[in-house]
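K.L.:
Output the structure for:
(one chain, ligands or ions: 3)
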Amino acid sequence: MKYQTQKIALAYMGTALGLFAIQVLMGLIIGWIYVQPNFLSELLPFNIGRMLHTNALIVWLILGFFGAAYFLIPEESEREIHSPFLAYLQLAILVVGTLGAVLTYTFNLFEGNILLGKDGREFLEQPLWVKGGIVVAALIFLFNVSMTVLKGRKTAITNILLLGLWGLALLFLFAFYNPGNLALDKQYWWYVVHLWVEGVWELIMAAILAYLMLKLTGVDREVVEKWLYVIVALSLFSGILGTGHHYYWIGTPGYWQWIGSIFSSLEVIPFFAMMAFAFVMVWKGRRDHPNKAALLWSLGCATLAFFGAGVWGFLHTLHGVNFYTHGTQITAAHGHLAFFGAYVSLNLAIMSYAFPMLRGRDPYNQVLNMASFWLMSGGMVFMTFTLTFAGTVQTHLQRVMGMAYMEVQDQLWLFYVMRFGSGVAVVLGAGLFIYALAMPRREVVARAVAAE
Ligand code: HEM
Ligand code: HEM
Ligand SMILES: [Fe+2]
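P.N.:
Ligands and ions are numbered 1, 2, ... in the order given. Next up, the predicted model:
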């Protein structure tokens, strides 16, 4: 670690990992409700558990991005973070907001109150005051890192990362716009939900992957930068109009069916380019970096993102197909592998790289970390398959044969049992990952004891 303020990243990444644990545990609970529908129906109804699962996911991923930024920006811009105090203040605001949201959801506080109660829109359920806190925290962050970058060395990596993070914060402002007309509400809702994961978050992903490739493979910066610009251009070219793949059935004009189908099909290309980029860098690179686990997560990220977002996204993105699959388990299959491949793995990759340095612990539990990669990724891939089969059966019975929703759900029970099983593997993998980063290596401990 070259710069003292990189330490800020530790607080962000640690908090993110705590929420990650809560997120997957909550997944397990709602996954069990699918198997045994009355489970916890009084204490923690499905809708509340689902909200905690998806919101914890989004919040920890963003905390991870902030952590990654605080870690890599000092190195890239060759100076300390402008204000460590503001960085910790920002984290405190986010933690208070998160706790507020969790308490409001769990106990269903202030129901119907516009300022204090929860907002009913998926992913954006946070009470208004929490949304306000998020904006304040984002402004503090943007000020802090932009000041650092402006005063220091400017690189393509920091420029793209900042562009992505500015985009993330500005697009979140659409969460405040909630028109009464349902079609309009949905139209703007997707500005946040789609333009995040299929727009500006891709820039963050490309920048962090580029940084990891630079460090882990020792390829020339000019080569990394050329790829980076191409990937960013491809992402924005396809992803912005690709929003149309959510406008097929919400009451928007018919031309969206064509715009959405064509441009969202093109969205596969940047994800393919990111995978090609990662493998070509490893192939061309001369450096044999000792942190193999960070490399494994980076390659896994690029590959699973291509399959989860690219292949599983394309599967249901043409309007002729989406007419049948819309809102079925096919969507859930895609949502899980896309989020896991692209953004969960990305965070775990940069954490695997940064943690040993931040904690001054090299070598660390690298083999356990790699085992956690296979356990977690294997679990998520299996889950994706079970949900895809469930979705195929569901689409046929419900949308082609016209069977009733609940009748079809009875037919899917076995798939939900298997989904739960794969979820157990994911949770064990997550626990192993956290253990591998948080605990010192056995041999190191043994040597220290022997030396006493
Ligand atoms: C990392 C990038 C991506 C992530 C994290 C992601 C995640 C998601 C999630 C969570 C949903 C469900 C939203 C909801 O209705 O609540 C969704 C829907 C959808 N995604 Fe993606 N996605 C990504 C990329 C893509 C790509 C590249 C494509 C197309 C090639 C795509 C096609 C779709 C389609 C068509 C739907 C609507 C499904 C329906 O009608 O029910 N996604 N995505
Ligand atoms: C890091 C891993 C995980 C990620 C990234 C993730 C992501 C998501 C996302 C994005 C959704 C919303 C899906 C949509 O709208 O289509 C969701 C819902 C859900 N997840 Fe996960 N999840 C993860 C782990 C788990 C685990 C371990 C389980 C346990 C079985 C699980 C069970 C569920 C269930 C039951 C739902 C609700 C689906 C529905 O409403 O039908 N998830 N998850
Ligand atoms: Fe989308």
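K.L.:
residues in contact with the most centrally placed residue in the chain?
P.N.:
For the chain, the residue nearest the mean C-alpha position is residue 343 (3.3 Å; Cα atoms, centre = their mean). Applying Cβ atoms under 8 Å, 6 or more residues apart in numbering to residue 343 gives the contacts 61, 197, 201, 205. Using the backbone N, CA and C atoms, a C-beta is placed for each residue, glycine as well.
K.L.:
Now tabulate those in a markdown table and tack on neighbour count.
P.N.:
Output for the contacts of residue 343, formatted as a markdown table (neighbours: other Cβ atoms under 10 Å):
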| residue | neighbour count |
| --- | --- |
| 61 | 23 |
| 197 | 20 |
| 201 | 24 |
| 205 | 29 |
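K.L.:
Please tabulate the residues you listed in a markdown table, including the columns pLDDT, secondary structure and distance to ligand 1.
P.N.:
What follows is these, written out as a markdown table (pLDDT from 0 to 100; DSSP: H, G, I helix; E, B strand; the rest coil; distance: Cβ to the nearest ligand atom, whole Å):
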| residue | pLDDT | secondary structure | distance to ligand 1 |
| --- | --- | --- | --- |
| 61 | 98 | helix | 10 |
| 197 | 97 | helix | 4 |
| 201 | 98 | helix | 7 |
| 205 | 98 | helix | 8 |
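K.L.:
Wait, residue 32 touches residue 417, no?
P.N.:
No - under the criterion of Cβ atoms under 8 Å, residue 32 makes no contact with residue 417, lying 9.7 Å away.
K.L.:
right, is stretch 258-267 up against ligand 3?
P.N.:
No - Stretch 258-267 lies apart from ligand 3 when judged by Cβ under 5 Å from the ion; the minimum separation is 6.6 Å.
K.L.:
Look at the nearest residue to residue 404 once chain neighbours are set aside and say how many residues are nearby.
P.N.:
Residue nearest to residue 404 in three dimensions, not counting chain neighbours: residue 398, with 7.9 Å by Cβ to Cβ, 6 or more residues apart in numbering. Neighbours of residue 398 under the rule other Cβ atoms under 10 Å: 18.
K.L.:
list the contacts for residue 398?
P.N.:
By Cβ under 8 Å, 6+ apart, the contact list for residue 398 reads 328, 404-405, 408.
K.L.:
from the residues you listed, which is closest to ligand 3?
P.N.:
residue 328 (15.8 Å; Cβ to the ion).
K.L.:
Look up phi and psi at the closest one.
P.N.:
Geometry field for residue 328 lists phi and psi as phi -100, psi -170, criterion degrees, to the nearest 10.
K.L.:
now whatever residue of the chain ends up closest to ligand 1, what's its secondary structure?
P.N.:
Ligand 1 sits closest to residue 313 of the chain, with a gap of 2.4 Å, by Cβ to the nearest ligand atom. The local conformation at residue 313, judged by DSSP: H, G, I helix; E, B strand; the rest coil, is helix.
K.L.:
element containing the residue lying closest to it once chain neighbours are set aside?
P.N.:
Spatial nearest neighbour of residue 313, chain neighbours left out: residue 334 (5.9 Å); criterion: Cβ to Cβ, 6+ apart. Taking DSSP states H and E as the definition, residue 334 sits inside helix 329-338.
K.L.:
Quick one: name whatever helix or strand follows that helix.
P.N.:
Next along from helix 329-338, by DSSP H and E: helix 345-358.
K.L.:
Could you list every helix and strand that that next one packs against?
P.N.:
Packing contacts for helix 345-358, counted by 3 or more Cβ pairs under 8 Å, 6 or more residues apart in numbering; DSSP states H and E, involve helix 8-35, helix 46-77, helix 201-217, helix 292-305, helix 366-394, helix 413-438.
K.L.:
Give me the angle between that helix and helix 46-77.
P.N.:
Helix 345-358 and helix 46-77 are oriented at 50 degrees to each other (axes from the mean of the first three to the mean of the last three Cα atoms, to 10 degrees).
K.L.:
Give the buried residues for helix 345-358.
P.N.:
345-358 (16 or more other Cβ atoms under 10 Å).
K.L.:
can I get those in TSV with distance to ligand 3 and pLDDT?
P.N.:
TSV is the format used below for these (distance: Cβ to the ion, whole Å; pLDDT from 0 to 100):
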residue	distance to ligand 3	pLDDT
345	19	98
346	18	98
347	20	98
348	23	98
349	23	98
350	24	98
351	26	98
352	28	97
353	29	97
354	30	97
355	32	94
356	36	93
357	35	94
358	34	94
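K.L.:
Scan the contacts of residue 398 and report the most crowded one.
P.N.:
Highest neighbour count within these, by other Cβ under 10 Å: residue 328, with 21 neighbours.
K.L.:
what's the pLDDT at it?
P.N.:
What the model reports as pLDDT for residue 328 is 98.
K.L.:
With residue 362 instead?
P.N.:
You'll see residue 362 listed with a pLDDT of 76.
K.L.:
give the contact list for it.
P.N.:
Contacts of residue 362 (Cβ under 8 Å, 6+ apart): 290, 356.
K.L.:
Specify the local secondary structure of the closest residue to ligand 3 within the stretch 251-400 of the chain.
P.N.:
Closest residue of the stretch 251-400 of the chain to ligand 3, Cβ to the ion: residue 264 (6.6 Å). Assigned by three-state DSSP, the conformation of residue 264 is helix.
K.L.:
Of residue 32 and residue 417, which one has the most company?
P.N.:
residue 32 (18 against 15).
K.L.:
what's that one in contact with, if anything?
P.N.:
By Cβ under 8 Å, 6+ apart, residue 32 lies in contact with 39, 420.
K.L.:
Kindly report the same for the one 3 residues further on.
P.N.:
By Cβ under 8 Å, 6+ apart, residue 35 lies in contact with 413, 416-417, 420.
K.L.:
which of these lies closest to residue 339?
P.N.:
Set against residue 339, the nearest of the contacts of residue 35 by Cβ to Cβ is residue 420 (18.6 Å).
K.L.:
pretty sure the residue of the stretch 251-400 of the chain closest to ligand 3 contacts residue 245?
P.N.:
Yes - Residue 264 is within contact range of residue 245, at 4.0 Å (criterion: Cβ under 8 Å).
K.L.:
joint contacts of the two?
P.N.:
In contact with both residue 264 and residue 245: residue 317, using Cβ under 8 Å, 6+ apart.
K.L.:
tell me which parts of this protein are close to ligand 2?
P.N.:
The chain has residues 24, 27-28, 30-31, 34, 50, 53-54, 57, 331-332, 335-336, 339-340, 344, 419-420, 423, 426-427 near ligand 2, with proximity defined as Cβ under 6 Å from any ligand atom.
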